[in-house]
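S.K.: build me a model from this:
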Amino acid sequence: MSCLNDIQKALIDCEPERTISLVKTAVADNVPAGDILNKGLLAGMDVVGERMENEEMFIPEVLTSANAMSECVTILKPMLGEEERGATKTVLMGTVQGDLHDIGKNLVSMMMESAGMEIHDVGVDVAPETFVEKIREIKPDILGLSALLTTTMPMVKDTVDAIVEAGIRDEVKILVGGAPLSQEFADEIGADAFAPDANVAARVAKSL
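M.R.: Next comes the predicted model:
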């Protein structure tokens, strides 16, 4: 269907107003909301993610596309069934205590949201005990821990340790990311996975 290809292209080309307008037109033309979401928007974000990984698109452009996607999903939500909505995973996201960086975390959140996940973002400079409290409250499938400074790397480990001590480690998968982190570090601290960038994070979260 050409309207779905047009939506996909507008999203990839970072044209938020055109993307939103095309989605509204498709809805008015009775195109199934599930098709608009899956064959138009999600297919477009897959390409955006690949281009970001290949450094053909950069963070400001990806954020523009992700924001457009988010607005379009808001338009479609009332028309989507629970199954089509695809919020199969709940993710708790936060930057660890002592670290005030949030661009990477926000981008990961948007890419995950674009992939149909439900995101609960607790912000930056989050203490281990707050993560424990939020896991008990929200019961997420995945916990995303972000650290952008080498000095806050130990706090990622402290957070994982606090979750273990609280007896809730088996209740959540832990995904870590940030410039100084690595798969080796994730293995050392007992996290389930590491992601080097936002697109990989969304892909890994789907597979956890």
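S.K.: now do the strands in this protein.
M.R.: 90-95, 118-121, 142-146, 173-177, 193-195 (DSSP state E).
S.K.: need the winner for burial among those strands.
M.R.: Highest mean neighbour count among the strands of the chain (mean count of other Cβ atoms under 10 Å): strand 142-146, with a mean of 27. Where C-beta positions appear, they are placed from N, C-alpha and C, glycine not excepted.
S.K.: thinking again about what came up before, let's have the strands of the chain in CSV, adding mean pLDDT and distance to Glu71.
M.R.: What follows is the strands of the chain, written out as CSV (pLDDT from 0 to 100; distance: least, Cβ to Cβ, whole Å):
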stretch, mean pLDDT, distance to Glu71
strand 90-95, 97, 20
strand 118-121, 94, 15
strand 142-146, 98, 23
strand 173-177, 98, 25
strand 193-195, 96, 25
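S.K.: residue contacts, Pro16?
M.R.: By Cβ atoms under 8 Å, 6 or more residues apart in numbering, the residues touching Pro16 are 64-65, 67-68, 71.
S.K.: residues near the closest residue to Met45 other than its chain neighbours, how many?
M.R.: Distances taken as Cβ to Cβ, 6 or more residues apart in numbering place Ser114 nearest to Met45, at 4.4 Å, with adjacent residues excluded. Ser114 has 28 neighbouring residues, counting by other Cβ atoms under 10 Å.
S.K.: what distance do you get for Ser114 to Gln8?
M.R.: As judged by Cβ to Cβ, to the nearest Å, Ser114 and Gln8 stand 13 Å apart.
S.K.: overlap of the contact sets of these two?
M.R.: Counting by Cβ under 8 Å, 6+ apart, the residues touching both Ser114 and Gln8 are Leu41.
S.K.: for the protein, just list every one of the helices.
M.R.: Per DSSP state H, the chain carries helices over the ranges 2-12, 16-28, 33-35, 43-53, 59-76, 82-85, 103-114, 128-138, 153-165, 183-189, 198-207.
S.K.: low pLDDT regions in this structure?
M.R.: Scanning the chain with the threshold set as pLDDT under 70 gives 1, 81-87.
S.K.: same list (the strands of the chain) but as JSON lines, adding distance to Glu129.
M.R.: Output for the strands of the chain, formatted as JSON lines (distance: least, Cβ to Cβ, whole Å):
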{"stretch": "strand 90-95", "distance to Glu129": "12"}
{"stretch": "strand 118-121", "distance to Glu129": "17"}
{"stretch": "strand 142-146", "distance to Glu129": "14"}
{"stretch": "strand 173-177", "distance to Glu129": "16"}
{"stretch": "strand 193-195", "distance to Glu129": "23"}
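S.K.: closest one to Thr152 among these?
M.R.: Across those, Thr152 has its closest neighbour in strand 90-95 (8.2 Å, Cβ to Cβ).
S.K.: summarise which helices and strands the closest one is packed against.
M.R.: Packing contacts for strand 90-95, counted by 3 or more Cβ pairs under 8 Å, 6 or more residues apart in numbering; DSSP states H and E, involve helix 103-114, strand 118-121, helix 128-138, strand 142-146.
S.K.: parallel or antiparallel, list what pairs with it.
M.R.: Within its sheet, and counting by DSSP bridges, strand 90-95 is paired with strand 118-121 (parallel), strand 142-146 (parallel).
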